[in-house]
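[1] need a 3D model of the following:
(2 chains, ligands or ions: 2)
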2 protein chains.
Amino acid sequence: MEDLEGGVDYLADERKKAQFDVNAMKIVWAGSQHKLQLSDRMARLVASDPEFKKDDRVRLDRKELFKNTLRKASHAWKRIIELRLTEEEASQLRFFVDQPAYTDLHWGMFVPAIKGQGTEEQQAKWLPLAYRMQIIGCYAQTELGHGSNVQGLETTATFDPETDEFVIHSPTLTSSKWWPGGLGKISTHAIVYARLITDGKEHGVHGFIVQLRSLDDHLALPGITVGDIGMKFGNAAYNTMDNGVLRFDHVRIPRDQMLMRVLQVTREGNVVKSNIPRQLIYGTMVYVRQTIVYDASRALSKAVCIATRYSAVRRQFGSENGRETQVIDYKTQQNRLFPLLASAYAFRIVGDWLSWLYTDVTKRLQANDFSTLPEAHACTAGLKSLTTSVTADAIEECRKLCGGHGYLCSSGLPELFAVYVPACTYEGDNVVLLLQVARILMKTVSQLGSGKQPVGTMAYMGRAEHLLQSQCSVQKAEDWLNPDIVLEAFEARSVRMAVACAKNLSEFSNPEEGFLELSADLVGASTAHCQLIVVSKFIEKLQEDIPGEGVKEQLQALCGIYALSIMGKHLGDFLSTGCIKPKQASLANDLLRSLFSKVRPNAIALVDAFNYTDHFLGSVLGRYDGNVYPKLYEEAWKDPFNDTAVPDGYHEYVRPLLKRQVRTSRL
Amino acid sequence: MEDLEGGVDYLADERKKAQFDVNAMKIVWAGSQHKLQLSDRMARLVASDPEFKKDDRVRLDRKELFKNTLRKASHAWKRIIELRLTEEEASQLRFFVDQPAYTDLHWGMFVPAIKGQGTEEQQAKWLPLAYRMQIIGCYAQTELGHGSNVQGLETTATFDPETDEFVIHSPTLTSSKWWPGGLGKISTHAIVYARLITDGKEHGVHGFIVQLRSLDDHLALPGITVGDIGMKFGNAAYNTMDNGVLRFDHVRIPRDQMLMRVLQVTREGNVVKSNIPRQLIYGTMVYVRQTIVYDASRALSKAVCIATRYSAVRRQFGSENGRETQVIDYKTQQNRLFPLLASAYAFRIVGDWLSWLYTDVTKRLQANDFSTLPEAHACTAGLKSLTTSVTADAIEECRKLCGGHGYLCSSGLPELFAVYVPACTYEGDNVVLLLQVARILMKTVSQLGSGKQPVGTMAYMGRAEHLLQSQCSVQKAEDWLNPDIVLEAFEARSVRMAVACAKNLSEFSNPEEGFLELSADLVGASTAHCQLIVVSKFIEKLQEDIPGEGVKEQLQALCGIYALSIMGKHLGDFLSTGCIKPKQASLANDLLRSLFSKVRPNAIALVDAFNYTDHFLGSVLGRYDGNVYPKLYEEAWKDPFNDTAVPDGYHEYVRPLLKRQVRTSRL
Ligand SMILES: Cc1cc2nc3c(=O)[nH]c(=O)nc-3n(C[C@H](O)[C@H](O)[C@H](O)COP(=O)(O)OP(=O)(O)OC[C@H]3O[C@@H](n4cnc5c(N)ncnc54)[C@H](O)[C@@H]3O)c2cc1C
Ligand SMILES: Cc1cc2nc3c(=O)[nH]c(=O)nc-3n(C[C@H](O)[C@H](O)[C@H](O)COP(=O)(O)OP(=O)(O)OC[C@H]3O[C@@H](n4cnc5c(N)ncnc54)[C@H](O)[C@@H]3O)c2cc1C
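    Ligands and ions are numbered 1, 2, ... in the order given. So this is what the prediction gives:
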């Protein structure tokens, strides 16, 4: 987004080089003209409001930081109301405020959980309170001892038929709830996941609405111990959030605070399944994970934007017309950076597609069609894992691409990394998710002979026979520009890895043992499958009509870079399964280099198309105007540590050394 | 190191499983019985001294943190003097204090620079002052605009024959010194690198001793602007260091403060080369980078120790005898963790070997034998790059291996990552270093026909003819246990990649252009070469007599894991160069799995062998006694953020929402 503070654009020459219509690309990135305008408006609203200033964040101590976050959340809420923002606008505004807060969990987990798991009466009672923020909720599932294994949670909810209540209790230390965001200091209510026990019998883990704090004085209610779990990675980062610990000592709640959409407990304590299928819950998971994939493209594009602009500003060695070479012109820099730029676009496209998938699944569920659910579930789980892992690593790579200066908080990258990485862990540990994908892959392979046709993103498996035999036809580098050839190579790799795993599995008499023993290979097969999905969705997108001069050409180049750089990184897969030959790999490498050259003059414009404000980027290195050095210099002097020339501690701990007032008689 | 706070060892069962003599392994790890005893003594000294407590560090604000660091540095100095510690002991003590401080640069860069670049008179004058800390020095090379390209530095040192002085000046904003540790607030002196100018002529970049601050009031001397460059990655991490900014406005220093060992400026302003060869400086670089490799093994082993112990404590899913499975038993966890454990051992062994190499090079230099220098230089540069990149990634992987809890600062891993990652950038950006290695590789290849035999770690290139033809003879998984076969596969891969690059380079009419264009492939060839060095040094170590029951067997298993996991990760290299066949790769994978099973019962003992105190680890998850959950719980409540139940900001920013005192009439 144009932001020329001093009126000078130090990257103007770079922008002039662009060979495509940047505004048209902005629309592609945003999803539509409407979405672009909306996000542009919200981004500017936040950037121009001094209340949302964030460049001092890393210097605040925890309490100040938290107060700062509360202030921003409250101010955002005020603006949302004053400006009568729609839900879409409100969510964009919160996104651009760019500071994790209790409201994320309230809107992102508490409200959806009630919507998804509450009965109509429960929704009618609780949602209006939540919408108006008369109560603030969090999502309390994970415990000190259990995260990934939800069925292992230890908190109990025992029905007491005498009083028509559930007794919520933490029987062990490890059953303490641990991690829920918003819990530590703010939430008045929580959805608590606990083992349902009626009449001495266990009925699995379910959600319960539990009030935690008094609405009068905000103190914990009797029987409840609640607090913050302490400092997390990074300076500001996720420390703006009050991830909490929570223990229950026989806390009683009315029976109607169990979320009863799929399972009900009657007045007598009988457990009755409703006629609503349990799988509905998967719909919510598809939704949440789809937003995570979308967020991956946001975080990744932010890092890439910073590293790309700085790489065009930074000069080191060499010389052209008397000036040193811009580091973006080094092929090693391109080889590290451009695949990440391509991944940002790829993840955005796959994120858009996932939101379509979610709509499709929802429609089908409403029509009682569950046929696509396992595949949709596997696909979102796998893409959540793939995109968050790649993004986390990529942010750190972008930081390294900025050399020493990337290590300063003023580069924005350390905080971006620290705030982003937990996405690899929450909403499903990435390895655990890939193992889930592997189970469905293996099931699909095992059914191949049965006549049951794989659907959705697994459909290519139906052509296994062909793909196990097919030969890659590439003979010259340009052949790799053919999307059909690329797609088939990825499909063949994925099928062959899955089939090889299935074959090895079949040699175990106990399939579960085999699954455990071969799990590392299974994760490899899942990864191949997920990368194929991204490649295929990118290629599908390119079949569409995309307006704007040169826009499609750039996307084609990025698609090629995305696919071929993955091929280079996972070359062992492609070669060992015989999908391609060494000579073809070397041609792919040649083409990749020429695609880098094609993208190079467009690099700055391609990150401009993200349309990010300097406020949102929060990076001196990534400034729109490229005026990096004077601003880095200014930024340093703003640090309160520079208020005094002689630092606190000098007189006690340094001067005595210098003055040999320490007993140093031996030296 | 045994540390059983409550007297209970929750990992006792794990320790009983070990199949080797842990104490003997401790000696292998430490390097000798003497070194083990010494480091053990120093570690306990630090751990038992409350002044060195560090578990509150992440909660201090910058000024408090810095004061805390000054206090520790001063206390360390006092203890060093009181206990009359040797240089070796003092350096170990400082290491276990585990808090970057100005003293690191004083002892690690300032003193060695004077030793290496100063004349005898200069050494006689300055070293005693430095040894007694009557002056404190830093190393001021990098500028705002130039890091990697040292020849591009802009600061000038102009000789003024009238006054017999140099005038040190910062002609541009980008010439501001930027990054030197210890500079921001503490150093009284600096070695400043500047372009030497006499009589209007430039003579390259040289080092000058410049006083920065008054020894009386610690204020900057006239003409000098100095300050701190601001917050860096992580909470405490490297923020204990005052990386600084420095500008000179025509600052005058006496002529004899130019470091004149290799180049002298006479009273008349003539520039005279001394008879001491310039290459001597490379000796210092070999030394500094050797310590970085050694430090990589320390940081990596620390992270691995934490993740391994916690993986044995953490249980999730499955069930054996009614308890859930320890996550260390999952093959995916082993597949991620054990190669890192193996790398820690590998880097330690290669670090030990590098210290021998340094001694060897020094001896040769003294005898005017420069023959091994280019190779030694390339080898240390390459190993610095390889080991620091792997370690940085590995620390983050260890953090992820700990699931959600790894994200808490109390796990120790976030801070370890943040404090470690700049090692990939300082002392040579890792990519720039690999490109330097590539130059020497290409030179070696080009001389192959000439009769000039490659030496040292390049010696295998002399067998290029054989290695280009050789066929891997593996027929069953166990064949991969044969070190000769493994070594030959790595040698063949490295030679073939280097030769392929050389061939591609020869197709360019301008070799520099070719080098730039193919630089990504060249980096690949360098990496292969460096990995080979590590594998070969590990294998060489195993030829030695290693005392202790079962010790050598464990090291053999780790060596196998190290080599085969690299092979798996870079399979594309091995297959595309035809060094191994797909079937052989699959056998390597099978063997790798069985090596994991072999290491599994020994995993805890293998990290115990690092002999780290709980103080040094600084991790609740990595505690020796495995008593993780109660301590995590306690740790949370220690956070001052939990002092009050109702957080600061609640009344202003949350209550009004809950009470609908925000104007919400529309909702
Ligand atoms: C910043 C942050 C915010 C969070 N917010 C919330 C929140 O609001 N509400 C909430 O309820 N929770 C929250 N969580 C918790 C989060 O959901 C869990 O941390 C996550 O589910 C991972 O579980 P875990 O921590 O138990 O990891 P573990 O499962 O203990 O993982 C440890 C290791 O074991 C491995 N592993 C585990 N199971 C298997 C298996 N079957 N096979 C192979 N390997 C395995 C993992 O791959 C990992 O390497 C949050 C966590 C973080 C970090
Ligand atoms: C924590 C920390 C402590 C430090 N302490 C000191 C100190 O005490 N004293 C001191 O003098 N300095 C210090 N430094 C500075 C450090 O030495 C430099 O940051 C380092 O040399 C890297 O240089 P740079 O920052 O200019 O990176 P750049 O060279 O600008 O790197 C930016 C990017 O360009 C790429 N690149 C650069 N040149 C080439 C090329 N020829 N070919 C291909 N790619 C290239 C790099 O790979 C990188 O991706 C410190 C830095 C840090 C982070």
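[2] so which bits of chain A are right by ligand 1?
    Applying Cβ under 6 Å from any ligand atom, one finds that chain A approaches ligand 1 through A:105, A:139-142, A:147-148, A:179-181, A:238, A:243, A:422, A:425-426, A:429, A:431-432, A:435. Placement of C-beta: from N, CA and C, glycine included.
[3] what about residue A:364, neighbour count?
    Residue A:364 has 16 neighbours, counted by other Cβ atoms under 10 Å in any protein chain shown.
[4] thought residue A:526 was touching residue A:442?
    No. The criterion here is Cβ atoms under 8 Å, and residue A:526 misses it with residue A:442 at 9.9 Å.
[5] of those two, who's got more company?
    The neighbour comparison of residue A:526 against residue A:442 (other Cβ under 10 Å) goes to residue A:526, with 30 against 22.
[6] wait, what's in contact with that one?
    A:382, A:385, A:434, A:435, A:437, A:438, A:441 (Cβ atoms under 8 Å, 6 or more residues apart in numbering or on different chains).
[7] quick one: which of those sit in strands?
    The subset of the contacts of residue A:526 located in strands under the criterion DSSP state E is empty.
[8] closest to ligand 2 among those residues?
    Nearest to ligand 2 out of the contacts of residue A:526 is residue A:385 (Cβ to the nearest ligand atom; 27.7 Å).
[9] what pLDDT does that closest one get?
    Here the pLDDT value assigned to residue A:385 is 98.
[10] ok, residue A:446 next?
    At residue A:446, pLDDT is 95.
[11] now the stretch 1-150 of chain A against ligand 1: closest residue?
    Closest residue of the stretch 1-150 of chain A to ligand 1, Cβ to the nearest ligand atom: residue A:147 (2.0 Å).
[12] can you confirm that residue is in a helix?
    No. Residue A:147 is assigned coil when assessed by DSSP: H, G, I helix; E, B strand; the rest coil, not a helix.
[13] tell me, how many residues neighbour it?
    23.
[14] check contacts around it.
    Counting by Cβ under 8 Å, 6+ apart, residue A:147 has contacts A:179, A:429, B:316, B:403, B:404.
[15] gap between it and residue A:160?
    Computed as Cβ to Cβ, to the nearest Å, the residue A:147 to residue A:160 distance reads 29 Å.
[16] please, which helix or strand holds residue A:393?
    helix A:373-401 (DSSP states H and E).
[17] that helix - contacts with which helices or strands?
    Here helix A:373-401 touches helix A:280-313, helix A:331-366, helix A:413-420, helix A:430-446, helix A:519-543, helix B:373-401, going by 3 or more Cβ pairs under 8 Å, 6 or more residues apart in numbering or on different chains; DSSP states H and E.
[18] run the chain-centre distance for that helix.
    Averaged C-alpha coordinates place helix A:373-401 at 7 Å from its chain's average position (Cα atoms, centre = their mean, to the nearest Å).
[19] now do that helix against helix A:413-420, angle only.
    Relative orientation of helix A:373-401 and helix A:413-420, computed by axes from the mean of the first three to the mean of the last three Cα atoms, to 10 degrees: 160 degrees.
[20] and the angle for helix A:373-401 with helix B:430-446?
    80 degrees.
[21] so is helix A:373-401 next to ligand 2?
    Yes. Contact between helix A:373-401 and ligand 2, assessed by Cβ under 6 Å from any ligand atom, occurs at residue A:401.
[22] closest residue of the stretch 51-200 of chain A to ligand 2?
    For the stretch 51-200 of chain A, Cβ to the nearest ligand atom, closest residue to ligand 2: residue A:58, 15.7 Å.
[23] mind checking the SS state of that residue?
    Taking three-state DSSP as the rule, one finds residue A:58 in the helix state.
[24] pLDDT at it, what is it?
    pLDDT for residue A:58: 93.
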